[in-house]
Every structure is written in structure tokens, then in C-alpha cells.
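Participant: Just to be clear, the model below is a prediction. Sequence and coordinates:
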Amino acid sequence: MYIGSYQLSNNLIVAPMAGVTDRPFRTLCKYFGAGHAVSEMMTADKTLRMTKKSLYRANFDGELAPISAQIAGSDPEQLAEAARYQVANGAQIVDINMGCPAKKVCNKLAGSALLQDEDLVARILDAVVAAVDVPVTLKTRLGFLNGQENILRVANQAEQSGIAALALHGRTREDMYLNTARYELIKEVKSRLKIPVIANGDIDSPEKAKYVLDYTGADAIMIGRAAQGRPWIFREISHYLATGTHLDAPTILEVKEVLLGHLAELYAFYGEYSGCRIARKHIAWYTKGLRSSNEFRQNMYQVDSTLQQAQVVEAYFDALLAQGERMSDVQTEQVNLLEVS
């Protein structure tokens with residue numbers, strides 16, 4: 001799998017997720033076998049570029065190459081300038097966000113709202129590709145409204161504009177994250193393009209990963225929400241694709257060690273106040289489905305220091321170990337629930 005001149009170690013990619021795919025999370029997913037990761041989206045508005053949040057999102061210090069920075073906006077010149085800024089900041093790949101369905105993004109005619117204006121899409125793609133000497137990728141959706149999917153035209157324009165790879169989420173903006181991802185149009189897009197196509201949406205297990213790759217013919221898959229609190233999903237998928245067999249689920253002890261390591265990285269990255277608060281959602285994801293986890297989370301949310309937070313997490317997992325809790329039981333239960341729903 002190549003993006004421009006960059007060869008990825010495999011075809012498993014971490015999807016960009018606002019408020020999630022910061023440097024600590026990207027690094028952890030790469031450790032567990034992700035071949036590539038894309039940053040959180042960063043605004044093209046230069047008046048907001050130096051905010052504390054934006055500076056965190058643009059921190060690539062020590063990250064494994066290739067470094068991919070996602071930019072979001074609606075003005076071609078601003079996006080071109082943002083691309084140049086991120087390359088100067090260390091980005092080796094620039095990704096354009098035309099997929100975010102969030103209301104606050106779409107209200108500014110950014111993210112997936114851009115799919116309503118194909119002329120503007122073309123001008124943005126042309127401007128960003130021309131602005132930098134690194135590969136430019138595009139993350140988008142099937143269209144803005146159901147019944148008005150225009151991804152075939154957008155994908156064709158992307159290839160004509162010089163986009164190096166296309167990541168396609170199998171929903172429209174209207175779908176948000178509801179309903180199920182549709183892969184038929186991803187398959188058709190792949191059959192028409194020469195550039196790499198990356199399939200995204202509802203890939204939450206090794207079996208689903210193999211199905212999507214086989215059905216769509218995509219060059220790679222992009223995994224987002226399924227990696228939240230489960231970064232080892234990349235090694236599980238990689239092993240299954242290579243062997244057709246399943247790895248054993250991580251032990252409670254391993255999950256404890258991974259989570260405490262993740263927390264330490266978050267605390268070092270964000271500092272005391274923000275580190276403690278940003279860590280809460282990650283702790284909630286890691287502990288979902290575990291014994292007495294709801295009660296634990298309610299108590300954990302009341303803790304407002306990083307030292308206490310790490311201590312209550314460690315104590316909770318020590319109690320699980322003493323009770324003989326197993327992750328394999330939790331994952332089996334979650335899979336069953338997914339099948340029922």
C-alpha cells in the first residue's frame with residue numbers, strides 16, 4: 001500500500017477522529033499494528049491556528065512516519081495555505097476533510113457539506129494539490145443526502161486533481177453514524193479509479209475487515225470507532241488477514257498495562273488539568289462491558305487529579321484480576337450484542 005512515494009507497513013489505517021486521534025492515540029495504534037494514522041482535523045482558519053487545541057492537534061513530535069495532517073475548511077486559498085503550514089510543521093501527507101458530518105462543521109460549509117457544491121470541491125482539490133509537494137489525500141462520504149449520492153463524480157474529480165488516495169466512508173452526511181455502512185458504491189469507486197481507495201465504516205472485527213476488503217476490492221481499510229478503547233484491534237485484524245485464525249483476547253492484566261501507559265502519555269502530552277479530563281473518555285471506552293464498570297466510571301468521573309485517576313483505574317483492574325474477570329468473555333458478549341442489533 002503506497003500513498004504517493006510512502007509505502008505503508010500494511011493496509012490498516014486509523015481514521016481521523018476529532019478529540020480522539022491525538023498523538024498519544026495514533027502512536028498507540030501504530031504500536032499495535034496500524035500501518036498508518038491520520039491526525040484530528042485542523043481548521044484552515046489561520047486566526048484559530050494558534051489556539052491551544054490547534055497546537056495540540058498539530059503536535060507530531062516523535063511520531064512514526066509518514067505523518068498525515070488533516071485539514072478542514074471551505075475556502076480553497078485558506079486550505080492551500082493550511083496545507084503549506086502543516087508541511088512546514090512536519091506533515092509528510094496532507095489529508096482534506098470532506099467527510100465530517102458534525103453540525104458545527106457542516107454549518108460552515110466544511111466537512112461533508114462540501115459535497116453539495118462539486119465546483120467548490122474541484123477548486124479545493126486543485127488548490128491544495130498545487131500548494132504542496134507532498135501527497136494529498138481525501139476523506140469523504142457517499143454524498144450529502146440519501147438518494148443523491150455523488151461520490152462517483154467526486155472520486156473522478158479527486159483523481160483528476162492529483163489526489164494520491166481516497167478514503168471513503170460508506171454513509172452519506174444524512175446518515176451521520178446511523179444505519180449501516182454501505183459498501184456497494186465503495187466497490188464501484190474502486191473499480192473506476194487507479195489511485196488507492198480506502199474503505200471506511202462499521203469495520204469492527206477481523207471478519208468484517210476481511211469481508212470489506214474482499215467485497216470492495218479496496219486497497220486498505222480505515223478503522224475509527226472500533227479502535228476506541230481497543231487499540232489492539234489492529235493486531236487482531238492483521239493476524240486474521242495473514243492466517244485466517246484469531247489471536248487470543250488480551251488479558252485483563254494486559255488491558256490494565258495498556259490503559260495505564262496510555263494515561264501516562266495523555267498526562268505528559270496535555271498536562272494535569274486537560275490530561276485528567278481528556279483521559280476520562282478513554283477510560284470509559286477501555287472499561288466498557290467489564291464487571292461493575294458503570295459504577296466504576298461514575299466514581300472515576302468525580303476524580304479531578306491525574307494521580308488519583310491513575311490510582312482508581314489501577315485499583316479497579318486489580319479488583320477484576322482478583323475476581324478472575326476475562327476479556328474474552330466481554331468481547332464475546334459485545335459481538336453477540338452487535339449481531340442482535
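Facilitator: Received it, and whenever you're ready, just let me know what you need. Numbers count the residues shown, from 1 in each chain.
Participant: make it CA atoms for all contacts and neighbour counts henceforth
Facilitator: OK.
Participant: Run through the strands of the stretch 201-341 of the chain in chain order.
Facilitator: If DSSP state E, counting those that start in this stretch is used as the criterion, the strands of the stretch 201-341 of the chain fall at 220-223.
Participant: show me where it has helices.
Facilitator: Along the stretch 201-341 of the chain, counting by DSSP state H, counting those that start in this stretch, helices occupy 206-216, 233-243, 252-270, 272-287, 293-300, 306-323, 327-340.
Participant: Next: the stretch 1-150 of the chain.
Facilitator: For the stretch 1-150 of the chain, the helices defined by DSSP H, counting those that start in this stretch occupy 23-31, 52-57, 76-88, 103-106, 118-131.
Participant: chain center to the first one, what's the gap?
Facilitator: Looking back up the chat, that one is helix 23-31. 11 Å (CA atoms, centre = their mean, to the nearest Å).
Participant: Likewise for the third one?
Facilitator: Going by CA atoms, centre = their mean, the spacing between the C-alpha centre of helix 76-88 and its chain's C-alpha centre is 21 Å.
Participant: For that helix, name the packing helices and strands.
Facilitator: strand 68-72, strand 93-98, helix 118-131 (3 or more CA pairs under 8 Å, 6 or more residues apart in numbering; DSSP states H and E).
Participant: Pipe the helices of the stretch 1-150 of the chain into TSV and attach distance to Lys210 per row.
Facilitator: Converted to TSV, the helices of the stretch 1-150 of the chain look like this (distance: least, CA to CA, whole Å):
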stretch	distance to Lys210
helix 23-31	19
helix 52-57	31
helix 76-88	34
helix 103-106	32
helix 118-131	31
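Participant: ok, of these, where does mean pLDDT dip lowest?
Facilitator: Ranked on mean pLDDT, the bottom entry among the helices of the stretch 1-150 of the chain is helix 52-57, at a mean of 67.
Participant: By mean pLDDT, flag the weakest helix or strand of this structure.
Facilitator: Across the helices and strands of the chain, mean confidence by mean pLDDT, DSSP states H and E is lowest for helix 327-340: a mean of 47.
Participant: tilt between the helix or strand containing Gln160 and helix 118-131?
Facilitator: Counting by DSSP states H and E, the element that carries Gln160 is helix 151-161. Counting by axes from the mean of the first three to the mean of the last three CA atoms, to 10 degrees, helix 151-161 points 30 degrees away from the direction of helix 118-131.
Participant: elements contacting helix 151-161?
Facilitator: For helix 151-161, the packing partners by 3+ CA pairs under 8 Å, 6+ apart are helix 118-131, helix 184-192.
Participant: Could you name the stretch from the helices of the stretch 201-341 of the chain that's closest to Ile93?
Facilitator: The closest of these to Ile93 is helix 233-243. By CA to CA, the value is 21.4 Å.
Participant: just how off-centre is the closest one within its chain?
Facilitator: 18 Å.
Participant: So for it, mean pLDDT?
Facilitator: For helix 233-243, mean pLDDT is 98.
Participant: Go through that helix and flag the buried ones.
Facilitator: For helix 233-243, the neighbour count (16 or more other CA atoms under 10 Å) marks 233-241 as buried.
Participant: Switch the helices and strands packed on helix 76-88 over to JSON lines; also include distance to Leu12 and mean neighbour count.
Facilitator: JSON lines is the format used below for these (distance: least, CA to CA, whole Å; neighbours: other CA atoms under 10 Å):
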{"stretch": "strand 68-72", "distance to Leu12": "14", "mean neighbour count": "26"}
{"stretch": "strand 93-98", "distance to Leu12": "16", "mean neighbour count": "26"}
{"stretch": "helix 118-131", "distance to Leu12": "24", "mean neighbour count": "18"}
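Participant: can you tell me which of these comes nearest to Gly33?
Facilitator: Ranking those by distance to Gly33, with CA to CA as the measure, places strand 68-72 first at 16.7 Å.
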